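Trainee: Sequence first, then the predicted structure:
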Amino acid sequence: MLRRDPPPQLRPRPTTVRACALVVLLAGGLAPVAGAVTLAEKARESGCVNKPSVVDGNTYRCVTESGAFSYFNVPGLAAPPPATGASPPRSARAATPSPAGFPKVDSATQKGRDDIRRKVLGDELASEEKLLAEARIAYADGAPAPLPEERADAEKYRTRIARLRQAIGVHERNIEALRKEIGNTR
C-alpha cells in the first residue's frame with residue numbers, strides 16, 4: 001500500500017519532546033516516579049513530535065515525524081482527569097475568594113468605569129444606527145438607481161445590491177448586539 005504524506009497545512013508542527021513532556025507534566029499534574037519510565041522518555045522513544053494524549057488509562061498516542069500515529073503505554077503513570085470543557089457554574093466561581101494581595105476596586109471607581117462603558121456603548125449604538133439608516137437609503141428597498149458603469153453590466157448591479165443587503169444585515173446584527181450589551185450593564 002502506497003502511503004502519502006499529508007499536505008503541509010495538515011502536518012503537525014514539530015516540537016521538542018522535552019517541551020511536550022514538560023507541558024504534559026505541568027498541565028496534567030503528573031510527576032515522574034523514581035525508577036519508572038516517564039512519559040517524556042516513552043514519547044522520545046516513540047519519536048513523538050507533539051504532546052502525547054491519553055487514549056485509555058495509561059495508553060498514550062502521539063504523532064511521529066512521518067505523520068503516523070504512535071501508541072505506547074506508560075506503566076504506573078496515572079492518566080490526568082479528562083477535561084470536560086465546561087466552565088464551572090456561576091455560583092461556584094463567585095464563591096471562590098480572591099487571593100491575598102489581589103487588587104480591589106472601590107465601588108466609586110467601578111461605577112465610573114461602568115458609566116464610561118455605557119457611554120462608549122451608547123456612542124457605538126448611535127453610530128451603527130446612523131450607518132444602518134444610510135445603508136437603507138442606499139439600498140432603496142432593493143431597487144437603487146444603477147450607476148453609469150452598471151447600466152451595461154447587470155452582474156455589477158446585482159453584486160452592488162447584494163453588498164448593500166449584506167451591509168444592512170451587518171448593521172442590524174451590530175445594533176442588536178450593542179443593545180443586548182447595554183442591557184447587561186444596567
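Mentor: Received, thanks.
Trainee: And the helices in the protein, which stretches?
Mentor: Here the chain has its helices, by DSSP state H, at 17-28, 39-46, 90-95, 107-139, 148-151, 154-185.
Trainee: Please identify which of the ones you listed is closest to Asn73.
Mentor: Ranking these by proximity to Asn73 (C-beta to C-beta) places helix 39-46 first, at 7.8 Å. All C-beta spots, glycine's among them, are computed from the backbone N, C-alpha and C.
Trainee: So which bits of the closest one are buried?
Mentor: 39-40, 42-43, 46 (16 or more other C-beta atoms under 10 Å).
Trainee: low-scoring stretches of the protein, by residue?
Mentor: Along the chain, the parts satisfying pLDDT under 70 run over 1-36, 77-95, 186.
Trainee: Apply 90 and report the result again.
Mentor: For the chain, the stretches flagged by pLDDT under 90 are 1-106, 140-146, 148-154, 183-186.
Trainee: Dump the buried residues of helix 39-46 into a markdown table; add distance to Val170 as well.
Mentor: Output for those, formatted as a markdown table (distance: C-beta to C-beta, whole Å):
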| residue | distance to Val170 |
| --- | --- |
| Leu39 | 48 |
| Ala40 | 49 |
| Lys42 | 51 |
| Ala43 | 47 |
| Ser46 | 49 |
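Trainee: And the residue nearest to Glu181 when sequence neighbours are not counted, how far from Glu129?
Mentor: Excluding the flanking residues, the one nearest Glu181 by C-beta to C-beta, 6 or more residues apart in numbering is Leu121, at 5.8 Å. Note on Leu121: its distance to Glu129, by C-beta to C-beta, to the nearest Å, is 13 Å.
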